[in-house]
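Student: dropping a prediction and its sequence here:
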Amino acid sequence: MPLVTSTEMFKKAYEGHYAIGAFNVNNMEIIQGIVSAAKEVQAPLILQVSAGARKYANHVYLTKLVEAAIEDSGLPICLHLDHGADFEICKSCIDGGFTSVMIDGSHHSFEDNIELTKRVVDYAHSKGVVVEGELGQLAGIEDDVNVSAENASYTQPDQVEEFVSKTGVDSLAIAIGTSHGAFKFKPGQKPQLRFDILKEVEKRLPNFPIVLHGASSVVPKYVNIINEYGGNLDNAIGIPEDMLREASKMAVCKINIDSDLRLAMTAGVREYLALHPEHFDPRQYLKPARENIKDVVKHKLVHVLGCDGKA
């Protein structure tokens, strides 16, 4: 089975009131853990690559690892560029075999965002590739994305129809209170998503797939393990899973998860090395790290996204 686009995935997700998990990948063990979980529960997958991941692991290595995952699992997998900053990186990924790209023009003016996004859409669609755009800015830090709380902004529902019609995007990432990274809320601050904005967007864009970025729940289990074995992640707070479940039953068809994978992997490595200080073989400490990835992804697919059995 070749790589697929997200078009059919999103259509089924919207109609079935569930969401597809979009998991960021950086190396072989992360891909193996994600795909092993999805294969076990028969869930479709979006594996996404950030600009930082391409710099770290190289475009060719990542695409070949994803091709191996398809051959090994037989699952429908979409390969997606996460947070493409400009036309050039989107074009590089489109020409390099990706089936989906995100152009993030949210830091530009509304008019310039439309112009940039449409340019990417025109090129991508000519190659059979789908495009995700973004309106509104999420706070937080993740790879090359760094937006302060002061500069973050919610999506304005009265802009979405014009944006989608003028750009031709296939899906739209919106800002309703999610945030990048492991420190999404301040201590004592109640995590809250703006479902009123989501409902209004859904009303204005019927049957159109919506995307949530920065949606890791920052699993306390892994935060605690990291802190127990020498880490310093006090006050790491994520998005409550019940809110993500509610969003996935609405117009949200794609939910991005990255920080939870990083936490799960780091917890596995820290714990193993602390308990086995005499070991130095990467295969020894990366094995439990990979198993943690599988566990957290399986939980998300079944209990949060509801996309198990949908492959």
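Tutor: Thanks, I have it.

Student: all strands for the protein, in order.
Tutor: Per DSSP state E, the chain has strands spanning 20-24, 45-50, 77-84, 100-103, 130-135, 139-142, 145-147, 171-174, 179-180, 210-212, 252-257. These are given in chain order.

Student: Throw those strands into CSV and include mean pLDDT, distance to L65 and mean neighbour count, thanks.
Tutor: C-betas here are computed from N, CA, C, even on glycine. Output for the strands of the chain, formatted as CSV (pLDDT from 0 to 100; distance: least, Cβ to Cβ, whole Å; neighbours: other Cβ atoms under 10 Å):
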stretch, mean pLDDT, distance to L65, mean neighbour count
strand 20-24, 98, 13, 26
strand 45-50, 97, 9, 25
strand 77-84, 97, 10, 26
strand 100-103, 98, 17, 28
strand 130-135, 97, 21, 26
strand 139-142, 49, 21, 20
strand 145-147, 47, 23, 18
strand 171-174, 97, 24, 24
strand 179-180, 66, 24, 25
strand 210-212, 97, 24, 26
strand 252-257, 97, 18, 28
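
Student: nearest to K294 among these would be which one?
Tutor: Closest to K294 of those, according to Cβ to Cβ: strand 20-24, at 11.4 Å.

Student: packing partners for the closest one?
Tutor: For strand 20-24, the helices and strands in contact under the criterion 3 or more Cβ pairs under 8 Å, 6 or more residues apart in numbering; DSSP states H and E are helix 7-16, helix 28-41, strand 45-50, strand 77-84, strand 252-257.

Student: export these to TSV and tack on distance to G136?
Tutor: Formatted as TSV, the entries for the helices and strands packed on strand 20-24 read as follows, by distance: least, Cβ to Cβ, whole Å:
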stretch	distance to G136
helix 7-16	20
helix 28-41	27
strand 45-50	19
strand 77-84	14
strand 252-257	14
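
Student: of all those, which one comes closest to A69?
Tutor: Taking the helices and strands packed on strand 20-24 one by one with Cβ to Cβ, helix 28-41 is closest: 4.4 Å.

Student: that closest one to strand 77-84, inter-axis angle?
Tutor: Using axes from the mean of the first three to the mean of the last three Cα atoms, to 10 degrees, the direction of helix 28-41 lies 130 degrees away from that of strand 77-84.

Student: so what touches helix 28-41?
Tutor: By Cβ atoms under 8 Å, 6 or more residues apart in numbering, the surrounding residues in contact with helix 28-41 are 21, 23-25, 43-45, 47, 65-66, 69, 72-75, 77, 261, 265, 286, 289-295, 297-298, 301-302, 308-309, 311.
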